[in-house]
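1. Here is my input; please provide its structure:
(chains A and B)
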Amino acid sequence: MAGEPGRAARQPGRLPRGGGARAVNAPDKHLAQGAAVPATGQPHVHESARAQVAGGATYIDDIPEVKGTLHAAPILSNVAHGHLRGVDAAAALAMEGVRGVVLAQDIPGDPILATFVHDEPIFARDKVEYVGQVVGLVVAETVMQARRAARQVRLDIEPLPAVLDVREALAAQSFVLKPVTVRRGEPEQRIAAAAHRLSGSLDVGGQEHFYLEGQVGYAMPLEQDQWWIYSSTQHPGEVQHWVAHALGLENHDVRVECRRMGGGFGGKETQAGHIAVWAALAARKFRRPVKLRLDRDDDFMVTGKRHPFAYDYEVGFDGDGRVAGLRLTMAVNCGFSADLSGPVADRAVFHVDNAYFLGDVEIASYRCRTNTQSHTAFRGFGGPQGMIVMEAILGDIARALGKDALDVRRANLYGTTERNVTHYDMTVEDNILAPLIARLEQSSAYRARRAEIAAWNDGSPVIKRGLALTPVKFGISFTATFFNQAGALVHVYGDGSVQVNHGGTEMGQGLHTKILQIVADELGVPFGRVRISATDTGKVPNASATAASSGTDLNGRAAQFAARQVRQRLAEYVAEKQNCRPEQVIFAHGQVSTPGAVMPWEQLVDDAYHSRVQLWSDGFYRTPKIHYDKHTLTGRPFYYFSYGAACTEVAIDTLTGENRVLKVDILHDVGHSINPAIDIGQIEGGFVQGMGWLTTEQLVWNGQGVLATHAPSTYKIPATGDVPAHFRVELWPEANPEDNVGGSKAVGEPPFMLAISVWEALRDAAAAARGGGPVRMDAPATAENVLKALRA
Amino acid sequence: MDAKTIRFVRRGELVSLANVPPDRTLLELLREDLGCTGTKEGCGEGDCGACTVVLGEPRGGALEYKAINSCVRLAHSIDGMALWTVEDLAAADGSLHPAQEAMVQCHGSQCGFCTPGFVMSLFGMYQNHVCRGAAIDRALAQEELSGNLCRCTGYRPILDAARRMGDLPRRPVDEAGVLAQLRALEDKRALVPASGSYLDPRTLDEAVALRAANPQAQVVAGCTDAGLWITKMHKRFPRVLDVTRVAELRRVEARDGELVIGAAVTLTEAFAALVAQRPQLKPFASRFAGLPVRNSGTLGGNVANGSPIGDSMPLLIALGARVVLVGPRGERALPLEDFYTGYRQNMLAPDELVARLEVPQPAPGEFLRAYKISKRYDDDISAVCLVLNLHLQGGVVQHAGIGAGGVAATPVRARQAEAALTGQAWTAQAAQRAADALRAEFRPISDMRASAAYRAEVLGNLVQRFWLESQGVRHVNLEDFRVAEALAP
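-> Numbers count the residues shown, from 1 in each chain, chains lettered A, B, ... in the order given. As a prediction, the model looks like this:
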């Protein structure tokens, strides 16, 4: 597919860039829709914002229910591992409003879910493998009747020994997938020969997505054994495939639609498919529309989380803190099945280096099976778990040497001409970290504050402050190369209004808004003339998940190409009439001009329609340059890297371990921003979500494998009071050097990992309290874990 | 027995609904019965705020506006009130309310699912602050939005919107009109005695008689806890006795050296009265759940439920509060710590109700601090709650009151630690002895909030913090720690 080499570089002045980065998270001026300026580069409000604030934006559970709709609730295993000997639903069936149950024997197609690894039963059959595993459904006239009855179903389970701890799983070689090792050079020799050595362990907890809209699916029977599924999903195409597989049908028998999700964060990439399959099975059994909306507690109990990791490492380094050799073991807690654990664990391996050159290195990745929820995609997709251990190691190297951690980090950064090949054999071509870090170091007054904090801490016996500046380098593209494709449709109607549809999904990240901007500019019409329609497998087929931060890169380009083809046809039509060349036809500001004439867009569209010009088109994009060998984990898995850095200051209470974030300064690279307001929103939101992962969000499974933190009363995501008043975000002013849509870079996931600076700052404060030296602090840094780090 | 018809004012009109079960939640009423799906369910337990709506109730000739969680609020409890949901704010011509417009302008919605709840909390702030001429600063916005969770934005744009809405053209509620409608409703209600499956008596005598006649009825006083028994434990309440309309139980009075707080006084009002007398309790008060819960929940309800991790009891115990119970045999008063007999068990007879709390006013030489340890600063449940109250005279402890939560099956008084201090000189050594006594006194459990070892260690360390604070040492409590202060010489 033709790209636009150098297009970004030829578009100066899209943003007022002045001499450098600018603070843009101050409240910005609201732009009236339809302003006569290019749509891209402007902070257009979210395309649904006005409906959202007025309660008019429709989520799945808000769709007016079709007459005869029944409601389902899941029957959950209450044992972590055991033989399932029987299901007694008699008491439930006798309850008011209950229509029946749906169990494994009611599945007309394959009873195993159509996942890549094909290892996960749709409903537990002869064994249960975690507390919360779905054994079946109760279907009733109302949702509360179904939920009450589901709790009255008795399961006869003979318990078996359960593996609940990831280190225990590693010792027992309990794996969902084979271990993978990436190795370069001679790390053992380099470590042995190094001037200094450190070894250590670290445990980092998982994270519940806590999308505000819980998982929901609504399945409707159509004629001739066809099905219409409303699903809150990041991947309608996979829902379609899974439902068809479970019902024993073909993909063309199932249509999946999603207008928007109330948050996704990776939690609705595969997990939404389970809910849709269950609802469809119930709808098929009862030949009625069936809605399945998980209660929040059930959502916590049933669905997978971010993978918890356990690490052991040994590192050798010189007097400057430069790493000579590293050996690292990562035990990945995958839960009871593979789900996306393979690619998540791979991405963790790809991101252990973060921003740093690791010459001689061995990384062993173990994909451990435990009797817990099957852990899944979550913003960063293993990247955060890869990076955090390297940042932990560098922080401790600095403390072991008595050096400033930023100096040690800088000493290890990738070079631009040498020391620039990753441990998976990809050359880092676009490295901007040295200047980016230097700018943030200056704008955040890192050095002055470092000195001030040290002096202050000397005089403060109880509260200690800490500071850290950490970088992020995050690879953009699906590591499964074939996912890096997208399609779109652009329809121009006879009145000049435009509708765009593409395979990506909207979960709040502003994808649809950016695509409207891109299409508006491509056709030279005001933003308000373009509308998006719901993501629908009946419109764009075989779409990849909206994931890997790639939504705009892929779908934005596909939509741009679709619009461009319509524009090209219109240009040719005008050129012929006006006796000029098509390249001389300019589409801008709702007008079309040639060397000899100017006409309103609407007039041209009307003329073209009556002259039988095709006013709609498809568009298709596939990412260039990428390739990699999934067995050796080498090649170029990523089209480009996104960069950023954050400087965070915290305070800890050495009597209780309580802690607070005091100040945050961020400098982040989104290339040429298509929408700075949306990009800032992703950066701030990602940072705060990452801060939650590393501070207050603790998943606790009890000795029986029951997730004890299964609701917001016990699982604490950040609230308003956790966000510091000093929270400054600036954008790096350069375009993406790779040819990407509008010169932009992906933004969904990378900022999440800026929050590692919070955790490093907390370790810095703990070191101040301990009087220096390495600090073992497991994540999340709850008050209890901070106090433990002070006492260890 | 059928429940009474529910009547409330919405969009300037009277809404009248018959045959609503007594345990139907307001959120179910809105989404399922009325088909108003703008209000969202995020958690069903009053923790995320997606279901926030605003109630208006006549109070002293004016309208009092309260943002509340509709998911744990019984539908019948809004009888006679005005209701606003997110669908009710835009003008007839579609123009947005300042609370909505500011959210749009500041990019305060991403996925949009929490947005209706935030908009309604902002609307409540708008009526209570902006329309009364008070500016909204960041601290106020942060505090009043503490019961609304957002997973997308990181909150900064929403906090900006809270401040910006006051700059937009004013759009106040037609308060006189709403009040007139509510008065007409009230006149109608006053003629009907409480009856049916949802009993909401107006007088204490009526409440006591109904309690005696309906021992099986579920008593509710705000329902922020009992609501979870419906939504999370899937219980049914065939009959409900709602005490929040009882005039005598809604009073806050200062008399005979005591602050007397009726059992049906909301937590918002009760804490305001306590903070007025003891300003140092302000952060503790604002960390009790989120604002929508404090606006519905009552002090009497918190005390009657007696959860070992409820935060009001350790405070009331440390202050030496008494709980007054009322029944057909009259009233009886107990020191609060003697009210509890076991995990969520108490001295209340089946025909009794909690009537009020009697809290001694500050004594001369009182040094009081309330400490809460939780994973999150706002809207969290304590792993450990410790309230210490010393009456010091000439450096000697005349009286010690120490209440603790999260360390036993009930809220408790730390009698041994108190004994270690009473009559002693207040010194570092005395504080250390009290810390040791406190650690020895309880055997806390390990659970998802904290380990037993952590709870025990922190109990003692908080006494150390208390000692340092009593000596005027700065920077010993993150609750009042700000960078600016830290940077000051």
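2. Report the secondary structure state of A:Val569.
-> One thing to correct before we go on: residue A:569 is Arg, not Val. Following DSSP: H, G, I helix; E, B strand; the rest coil, we place A:Arg569 in the helix state.
3. That one touches A:Val613, doesn't it?
-> Yes - with contact defined as CB atoms under 8 Å, A:Arg569 counts as touching A:Val613 (5.6 Å). For the C-beta atoms, the positions are set from N, CA and C on the backbone; glycine is no exception.
4. Mind telling me what element B:Phe118 is part of?
-> helix B:115-128 (DSSP states H and E).
5. for that helix, packing partners?
-> helix A:49-53, strand B:52-59, strand B:62-69, helix B:98-105, helix B:138-144, helix B:156-164 (3 or more CB pairs under 8 Å, 6 or more residues apart in numbering or on different chains; DSSP states H and E).
6. at 10 Å instead, please
-> helix A:49-53, strand B:52-59, strand B:62-69, strand B:82-84, helix B:98-105, helix B:138-144, helix B:156-164, helix B:291-296 (3 or more CB pairs under 10 Å, 6 or more residues apart in numbering or on different chains; DSSP states H and E).
7. buried sites along the last one?
-> This means helix B:291-296. Using 16 or more other CB atoms under 10 Å in any protein chain shown as the test for burial, helix B:291-296 gives B:Leu291, B:Pro292, B:Val293, B:Arg294, B:Asn295, B:Ser296.
8. show me what contacts the fifth one?
-> Remark: with contacts taken as CB atoms under 10 Å, 6 or more residues apart in numbering or on different chains, B:Asn295 is in contact with B:52, B:54-55, B:64-69, B:73, B:124, B:147, B:222, B:224, B:266-269, B:289.
9. what do you get for the fourth one?
-> The contact partners of B:Arg294, taken as CB under 10 Å, 6+ apart, are B:66-68, B:146-147, B:222, B:224, B:266-272, B:285-286, B:288, B:379.
10. mind listing the strands for the stretch 151-300 of chain A?
-> For the stretch 151-300 of chain A, the strands defined by DSSP state E, counting those that start in this stretch occupy A:154-159, A:175-184, A:196-204, A:216-221, A:227-231, A:254-258, A:290-293.
11. Now, of the contacts of B:Arg294, which are buried?
-> B:66-68, B:146-147, B:222, B:224, B:266-271, B:285-286, B:288, B:379.
12. from the residues you listed, which are also near chain A?
-> When these are filtered against chain A using CB under 10 Å from any CB of the partner chain, the residues retained are B:Ser146, B:Gly147, B:Ser286, B:Asp379.
13. was I right about the first one contacting B:Ile158?
-> No - B:Ser146 lies out of contact with B:Ile158 (CB atoms under 10 Å); the separation is 11.9 Å.
14. Any residues of the stretch 151-300 of chain B in contact with chain A? List them.
-> B:151-164, B:228, B:230-236, B:286-287, B:289-290.
15. go again using 8 Å as the cut-off
-> Counting by CB under 8 Å from any CB of the partner chain, the stretch 151-300 of chain B comes close to chain A at B:151-160, B:164, B:232, B:234, B:290.
16. among these, which two are most distant?
-> B:Arg164 and B:His234 (42.2 Å; CB to CB).
17. These two - which one has more neighbours?
-> More crowded of B:Arg164 and B:His234, by other CB atoms under 10 Å in any protein chain shown: B:Arg164, with 20 against 17.
18. Excluding chain neighbours, what is closest to that one?
-> Leaving aside its sequence neighbours, B:Arg164 sits nearest to B:Ala102 (CB to CB, 6 or more residues apart in numbering or on different chains; 4.3 Å).
19. From B:Ala82, how far off is the one you found?
-> Between B:Ala102 and B:Ala82 the computed distance is 23 Å (CB to CB, to the nearest Å).
20. sorry, back to before: what is the nearest of the residues of the stretch 151-300 of chain B next to chain A to chain A?
-> B:Gly154 (3.6 Å; CB to the nearest CB).
21. What number of residues are in the vicinity of the closest one?
-> B:Gly154, neighbours per other CB under 10 Å, totals 32.
22. go on, A:Gln568?
-> 14.
23. Provide a list of residue ranges in the stretch 301-450 of chain B with pLDDT below threshold.
-> Along the stretch 301-450 of chain B, no part satisfies pLDDT under 70.
24. in what helix or strand does A:Val315 lie?
-> Applying DSSP H and E as the criterion places A:Val315 in strand A:309-317.
25. what about A:Pro43, is that helix, strand or coil?
-> Secondary structure, three-state DSSP: A:Pro43 is coil.
26. Enumerate every residue touching the closest residue in space to A:Gly262 that isn't next to it in sequence.
-> Nearest residue to A:Gly262, sequence neighbours excluded (CB to CB, 6+ apart): A:Glu213, at 2.4 Å. With contact set as CB atoms under 8 Å, 6 or more residues apart in numbering or on different chains, A:Glu213 has these partners: A:Tyr59, A:Ile60, A:Asp61, A:Ser232, A:Met261, A:Gly262, A:Gly263, B:Lys40, B:Gly42, B:Cys111, B:Phe113.
27. which one of these is nearest A:Gly325?
-> Of those, the one sitting nearest to A:Gly325 (CB to CB) turns out to be A:Gly263, at 42.0 Å.
28. Nearest the geometric middle of chain B, what residue?
-> Of all residues in chain B, the one closest to the mean position by CA atoms, centre = their mean is B:Arg294, 2.4 Å from it.
29. ok, now how distant is that residue from chain A?
-> 14 Å (CB to the nearest CB, to the nearest Å).
30. that older thread, give me the common contacts of B:Ser146 and B:Ile158.
-> Contacts common to B:Ser146 and B:Ile158, judged by CB under 8 Å, 6+ apart, are A:Thr720.
31. show me where the stretch 1-150 of chain A has strands.
-> Under DSSP E, counting those that start in this stretch, the stretch 1-150 of chain A gives strands at A:70-76, A:82-88, A:98-102, A:127-128, A:134-140.
32. how about JSON lines for those strands, with distance to A:Thr696, mean pLDDT and mean neighbour count added?
-> Rendered in JSON lines, the data for the strands of the stretch 1-150 of chain A read as follows (distance: least, CB to CB, whole Å; pLDDT from 0 to 100; neighbours: other CB atoms under 10 Å in any protein chain shown):
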{"stretch": "strand A:70-76", "distance to A:Thr696": "26", "mean pLDDT": "98", "mean neighbour count": "26"}
{"stretch": "strand A:82-88", "distance to A:Thr696": "33", "mean pLDDT": "98", "mean neighbour count": "15"}
{"stretch": "strand A:98-102", "distance to A:Thr696": "38", "mean pLDDT": "98", "mean neighbour count": "21"}
{"stretch": "strand A:127-128", "distance to A:Thr696": "31", "mean pLDDT": "98", "mean neighbour count": "22"}
{"stretch": "strand A:134-140", "distance to A:Thr696": "29", "mean pLDDT": "98", "mean neighbour count": "26"}
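33. Relative to chain B, which of these is closest?
-> strand A:70-76 (10.0 Å).
34. contacting residues around the worst-scoring helix or strand of chain A on mean pLDDT?
-> Taking mean pLDDT, DSSP states H and E as the measure, chain A has strand A:627-629 as its least confident helix or strand, at a mean of 90. Under the contact criterion CB under 8 Å, 6+ apart, strand A:627-629 has outside partners A:Tyr424, A:Thr479, A:Thr481, A:Thr634, A:Gly635, A:Arg636, A:Pro637.
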